[in-house]
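K.L.:
Got a predicted model here, sequence first, then my questions.
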Amino acid sequence: TDTHLIKNAQALVPENGPEKSHLRAVARKIMSSELSNRPKSALTKNLKAQDVIHHYFKEYWDQYGESIEAIVNVDAIERWTKRTSRELSDRDVGLEFRILSTLIWRKRFL
């Protein structure tokens, strides 16, 4: 059951080493150690990632934005779509990523 899963997850004791050591251990089984052991990095600090996020954000907003207009500030989003990714703050890019994830989820599952 879900309760059983949560109790087991809460019982995990972190190992000494990098954060998320249990996730890294699982990742080592399916990907190279270079990827599974790489340090954390801020998605919003990566300019190429910002460009990709902003591109897909604008595309998905145009196609599926009306499905979440009741839960977002439409005026703010319309202003974001008119800017380049370089003009957005780290916070804006992070919000774009969250909204993009929501739009993709809604498109796929609803």
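P.N.:
Perfect, I can see it now. Because the structure is predicted, anything quoted here is derived from the model rather than measured.
K.L.:
in this protein, which spans are strands?
P.N.:
Remark: no strands are assigned in the chain by DSSP state E.
K.L.:
show me where it has helices.
P.N.:
Assigned by DSSP state H, the chain shows helices spanning 2-11, 21-30, 33-36, 47-64, 74-81, 90-109.
K.L.:
residues of the fifth one that come out buried?
P.N.:
Along helix 74-81, the positions that meet the burial threshold by neighbour count (16 or more other Cβ atoms under 10 Å) are 77, 80. Where you see a C-beta, it was placed from the backbone N, CA and C, and this is true even at glycine.
K.L.:
now the angle from that helix to helix 90-109?
P.N.:
Angle between the axes of helix 74-81 and helix 90-109 is 110 degrees (criterion: axes from the mean of the first three to the mean of the last three Cα atoms, to 10 degrees).
K.L.:
what does helix 74-81 contact?
P.N.:
Here helix 74-81 makes contact (Cβ atoms under 8 Å, 6 or more residues apart in numbering) with 57-58, 61-62, 65, 88, 92, 96, 99.
K.L.:
rewinding a little: make TSV from the helices of the chain and add mean pLDDT to it.
P.N.:
Listed next are the helices of the chain as TSV, based on pLDDT from 0 to 100:
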stretch	mean pLDDT
helix 2-11	78
helix 21-30	82
helix 33-36	81
helix 47-64	89
helix 74-81	90
helix 90-109	89
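K.L.:
Roughly how far does L47 sit from T84?
P.N.:
11 Å (Cβ to Cβ, to the nearest Å).
K.L.:
Just the buried subset of the contacts of helix 74-81, written out for ChimeraX, thanks.
P.N.:
Restricted to buried positions by 16+ other Cβ under 10 Å, the ChimeraX selection for the contacts of helix 74-81 reads:
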select :57,58,61,65,88,92,96,99
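K.L.:
Many thanks, I have nothing further to ask.
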